[in-house]
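In: No letters, just coordinates:
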DNA sequence: CCGACGAA
DNA sequence: TTCGTCGGG
């Protein structure tokens, strides 16, 4: 089920933040936000992050606290949001969809029963979907801060990977190993945590195992992806061996007398996802900080103390690069 | 969810 | 080498 097995195959190296200065990173917004949502809500309790109207706005705090990290290292983030249809086509991956619906039912039940914020956050993570309020308020805040936002036709992660291949950005930024399957040439992980980030190199991954992109995806399907259970008994090593031996997924199915439903559709989700080339954005960031602050603390009633330092750091980081440019 | 570790 | 479980972030 989990695709942590992919890590075993990935060519990963540490990279210093200093080396990322001046780079542009397409951030998988869902993935990034979720990381901040869980940690923010989990460690501080939810009351400060819920408005009088009962709206969860921890995302605003997460965004204000998370942005400085990029800017202080001279990086330009481009946030890529999922498009309207994040659900997969019903006939393609029916089982997966049913699973999500079960999760969503759980979530709804928990809400009705007034479950605590932590429980709800956990359930929300499993539905793989952020609330509409979270999506729109994050976007509005980013726009006030003049941070580029891209709307993906479908999956944000696929769009981010595509943008790296296109060359409109330098890296994809996500914790998800799926970026490799989506063919993102260079992916940064651990941008939110304390130490240096990790760099996943797509071509190096293929070269290390002497696989093609298609074969890497096929290996992942054998091991199990977000969209299918893996074949029991096949892990990273065996999967690679089988692909090298038999060539492609269907040859492996035949040789090993096994099968994965919807394999063809799952394969296409990685090899040929719905993405767009229409990605116009400006990497010069000139935020309206007073307006952003008013939006967060005024309109959404977030205590000023929660975001004061974050806004300060954003301001300082940007005036610093301005000075650098000048001298 | 993620990485680590012990069992088969 | 894989799988299941358990503890941490």
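Out: Yep, it's here. These figures come from a predicted structure and were not determined experimentally.
In: just the helices in the stretch 201-327 of chain A please.
Out: A:202-209, A:213-223, A:236-246, A:249-256, A:263-271, A:289-293, A:304-326 (DSSP state H, counting those that start in this stretch).
In: Let me have those helices in TSV, adding mean neighbour count as columns.
Out: Placement of C-beta: from N, CA and C, glycine included. Shown next, in TSV, are those (neighbours: other CB atoms under 10 Å):
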stretch	mean neighbour count
helix A:202-209	16
helix A:213-223	24
helix A:236-246	18
helix A:249-256	16
helix A:263-271	18
helix A:289-293	16
helix A:304-326	14
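In: can you tell me the helix or strand for the residue in the stretch 151-300 of chain A that DNA strand B sits nearest to?
Out: Nearest residue of the stretch 151-300 of chain A to DNA strand B (CB to the nearest atom of the strand) works out as residue A:175 at 5.3 Å. Under the assignment given by DSSP states H and E, residue A:175 is not contained in any helix or strand.
In: mind giving me the domain ranges of chain A?
Out: A:5-86+A:129-205, A:210-271 (automatic domain parsing).
In: Let me know which of those domains is the nearest to residue A:310.
Out: Proximity to residue A:310 (CB to CB) singles out domain A:5-86+A:129-205 among those, at 3.7 Å.
In: In chain A, where is pLDDT below threshold?
Out: Counting by pLDDT under 70, chain A has low-confidence residues at A:1-3, A:38-55, A:84-130, A:321-327.
In: all strands in it, in order from the N-terminus.
Out: A:12-14, A:24-28, A:76-81, A:149-151, A:171-173, A:186-189, A:198-201 (DSSP state E).
In: Of these, which is nearest residue A:237?
Out: Of the strands of chain A, nearest to residue A:237 by CB to CB is strand A:12-14, at 17.1 Å.
In: which other helices and strands contact that closest one?
Out: Strand A:12-14 is packed against strand A:198-201, with contacts defined by 3 or more CB pairs under 8 Å, 6 or more residues apart in numbering; DSSP states H and E.
In: hang on, the earlier thing: looking at the helices of the stretch 201-327 of chain A, spot the one closest to DNA strand C.
Out: Of these, the one closest to DNA strand C (CB to the nearest atom of the strand) turns out to be helix A:236-246, at 3.2 Å.
In: before we move on, back to that, quick one: the strands of chain A as CSV, columns for mean neighbour count and distance to residue A:215 too.
Out: Shown next, in CSV, are the strands of chain A (neighbours: other CB atoms under 10 Å; distance: least, CB to CB, whole Å):
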stretch, mean neighbour count, distance to residue A:215
strand A:12-14, 12, 19
strand A:24-28, 27, 24
strand A:76-81, 25, 27
strand A:149-151, 19, 30
strand A:171-173, 29, 21
strand A:186-189, 24, 19
strand A:198-201, 20, 17
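In: Quick one: residues in contact with stretch A:284-299.
Out: A:60-61, A:64, A:71, A:76, A:140-141, A:144-148, A:302-304, A:307, A:311, A:314-315, A:318 (CB atoms under 8 Å, 6 or more residues apart in numbering).
In: distance between the ends of that stretch?
Out: This stretch, stretch A:284-299, spans 27 Å end to end (CA to CA, to the nearest Å).
In: how about whatever residue of chain A ends up closest to DNA strand C, phi and psi?
Out: In chain A, no residue comes nearer to DNA strand C than residue A:235, which is 2.4 Å away by CB to the nearest atom of the strand. Per-residue torsions, residue A:235: phi -110, psi -170 (degrees, to the nearest 10).
In: Contact residues of chain A facing DNA strand C?
Out: Within reach of DNA strand C by CB under 7 Å from any atom of the strand, chain A has these residues: A:38, A:193, A:230, A:232-239.
In: Residue A:170: which of these is nearest?
Out: Closest to residue A:170, out of all of the residues of chain A next to DNA strand C and judged by CB to CB, is residue A:193, at 20.0 Å.
In: and the residues of chain A next to DNA strand C as a markdown table, adding distance to residue A:247?
Out: Below are these laid out as a markdown table (distance: CB to CB, whole Å):
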| residue | distance to residue A:247 |
| --- | --- |
| A:38 | 41 |
| A:193 | 39 |
| A:230 | 19 |
| A:232 | 22 |
| A:233 | 20 |
| A:234 | 16 |
| A:235 | 20 |
| A:236 | 18 |
| A:237 | 18 |
| A:238 | 15 |
| A:239 | 13 |
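In: out of those, which one sits closest to residue A:5?
Out: Of the residues of chain A next to DNA strand C, the one sitting nearest to residue A:5 (CB to CB) turns out to be residue A:236, at 5.1 Å.
In: Next up, the contacts around that closest one.
Out: Here residue A:236 is in contact with A:5-6, A:8-9, A:219, A:223 (CB under 8 Å, 6+ apart).
In: Now with 10 Å, please.
Out: Taking CB atoms under 10 Å, 6 or more residues apart in numbering, we find residue A:236 in contact with A:4-10, A:209, A:219-220, A:222-223.
In: one step back: need the strands of chain A in TSV with distance to residue A:257, can you?
Out: Below are these laid out as TSV (distance: least, CB to CB, whole Å):
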stretch	distance to residue A:257
strand A:12-14	34
strand A:24-28	37
strand A:76-81	41
strand A:149-151	44
strand A:171-173	37
strand A:186-189	35
strand A:198-201	33
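In: Kind regards, and thank you for your time.
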